[in-house]
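Visitor: got a predicted model here, sequence first, then my questions.
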Amino acid sequence: MTGERDLRVLLHGMRPELRPGRYVYTTLAAGEVPTGVTPVVTVSEQEGLTLVIAEAQAVAAGLPYDFVACWITLRVHSALDAVGLTAAVSLALTDAGISCNVVAGYHHDHLFVPHARATEAVRVLEALAAESG
């Protein structure tokens, strides 16, 4: 199935979904993920392996972490070469003073925003979608 490329369609149909839970960023010097830890995102960097994991898993594994976030999935199936979705979403959240870390999956884009501002972030994204229709 081919993802959507039209920015207006992407924005109008993004349907932001707030996933339950609290997520954190941590990093490992060695590339082995501890037992009991199931990352939702991994990024291999020169400095180590970055993991985005449930906060409870970080605590249980004794992993230090930063940035307690919520996870918002944009339910529209965006093409990986679509232009403008990340910029438009980032700008709307920037205008609201909300930081955002974006991860592209094959089918959807995923946003990690400060947990304390989860509800506000979803409202900002829903307003952007409504304006784009």
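Guide: Yes, it's here. As the structure is a computational prediction, the values presented were derived from the model and not from experiment.

Visitor: pull the residues that contact stretch 124-133.
Guide: The contact list for stretch 124-133, computed with C-beta atoms under 8 Å, 6 or more residues apart in numbering, reads 8, 11-16, 72, 74, 88-89, 92-93, 95-96, 98. From N, CA and C alone the C-beta is placed, and that goes for glycine too.

Visitor: now those: which count as buried?
Guide: Neighbour counting by 16 or more other C-beta atoms under 10 Å classes 11-14, 16, 72, 74, 88-89, 92-93, 96, 98 among the contacts of stretch 124-133 as buried.

Visitor: quick one: which of those residues sit in strands?
Guide: In this view, the buried ones among the contacts of stretch 124-133 that belong to strands under DSSP state E are 16, 72, 74.

Visitor: what is the nearest of these to residue 23?
Guide: Closest approach between these and residue 23, by C-beta to C-beta: residue 72, at 10.5 Å.

Visitor: OK, contacts around that closest one?
Guide: With contact set as C-beta under 8 Å, 6+ apart, residue 72 has these partners: 16-19, 110-113, 118, 121-122, 125.

Visitor: how near is it to residue 35?
Guide: 29 Å (C-beta to C-beta, to the nearest Å).

Visitor: do the same with residue 104
Guide: 28 Å.

Visitor: residue 6 too?
Guide: On the measure of C-beta to C-beta, residue 6 and residue 35 end up 44 Å apart.

Visitor: those two: which has the busier surroundings?
Guide: residue 6 (13 against 6; other C-beta atoms under 10 Å).

Visitor: circling back to that earlier point, taking the contacts of stretch 124-133 one by one, which sit in helices?
Guide: Of the contacts of stretch 124-133, the ones assigned to helices by DSSP state H are 8, 11-12, 88-89, 92-93, 95.

Visitor: which of those sits closest to residue 66?
Guide: Distance to residue 66 across those (C-beta to C-beta) is lowest for residue 93, with 19.0 Å.

Visitor: my guess is the closest one contacts residue 100. True?
Guide: Yes: the pair residue 93 and residue 100 qualifies as a contact (C-beta atoms under 8 Å) at a distance of 4.7 Å.
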